[in-house]
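J.: sharing a model prediction with you, sequence too.
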Amino acid sequence: MGKPITDFIENYFLHFNSAALVDAAKGYEAQLNQGSKMLVSLAGAMSTAEIGKIFGEMIRQDKVHIISCTGANLEEDLMNLVAHSHYKRVPNYRDLTPQDEWDLLEKGLNRVTDTCIPEEEAFRRLQEHIVKICS
């Protein structure tokens with residue numbers, strides 16, 4: 001039995017950018033097999049996809065050695081780590097009125113697109129630790 005994701009990609013990702021993904025994956029595997037180290041560079045808010053969970057396992061398996069990311073990626077992963085169960089989804093975020101936005105803010109919920117991050121659970125719980133590190 002092969003590797004399900006690898007098999008899927010090799011069977012269906014055959015052209016254009018998809019084929020480039022196959023080439024990149026094979027190159028990545030070759031790098032690791034040669035004993036080389038892997039640096040992953042992230043731009044944009046990939047942490048909202050909880051990509052830290054994937055990288056955590058890849059780091060434990062010695063498949064990722066360095067991560068370079070924006071402060072927003074690190075910040076969002078940290079907030080998600082300490083407060084994810086307190087996040088509030090707002091499925092109708094496109095239809096919010098100014099009063100709806102104000103009501104969320106008054107409840108200590110900072111809206112980012114379709115999800116609100118709870119200020120007390122995320123920002124304030126981390127704040128004292130970050131201040132100690134940066135002082």
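T.: Thanks, I have it. Bear in mind that the values here come from a model prediction, so they are computed numbers and not experimental data. Numbering: from 1, shown residues only.
J.: C-alpha from now on. contacts and neighbour counts both.
T.: OK.
J.: and the helices in this structure, which stretches?
T.: Under the criterion DSSP state H, helices of the chain are mapped to 4-12, 16-33, 51-60, 71-83, 98-106, 125-134.
J.: flag every buried residue along the third one.
T.: Translated: helix 51-60. Gly52, Phe55 (16 or more other C-alpha atoms under 10 Å).
J.: next: the longest one.
T.: Residues of helix 16-33 classed as buried under the neighbour-count rule (16+ other C-alpha under 10 Å) are Leu21, Val22.
J.: now for that helix, which elements pack on it?
T.: Helices and strands touching helix 16-33, by 3 or more C-alpha pairs under 8 Å, 6 or more residues apart in numbering; DSSP states H and E: there are none.
J.: what about Leu109, neighbour count?
T.: For Leu109, the neighbour count with other C-alpha atoms under 10 Å is 21.
J.: separation between it and Thr115?
T.: 9 Å (C-alpha to C-alpha, to the nearest Å).
J.: again, but for Asn80
T.: 11 Å.
J.: show me which of the two is the more surrounded one.
T.: Between Asn80 and Thr115, Asn80 has the larger neighbour count (other C-alpha under 10 Å), namely 20 against 15.
J.: how far off centre is stretch 108-125?
T.: Centroid displacement of stretch 108-125 relative to its chain, using C-alpha atoms, centre = their mean, to the nearest Å, is 16 Å.
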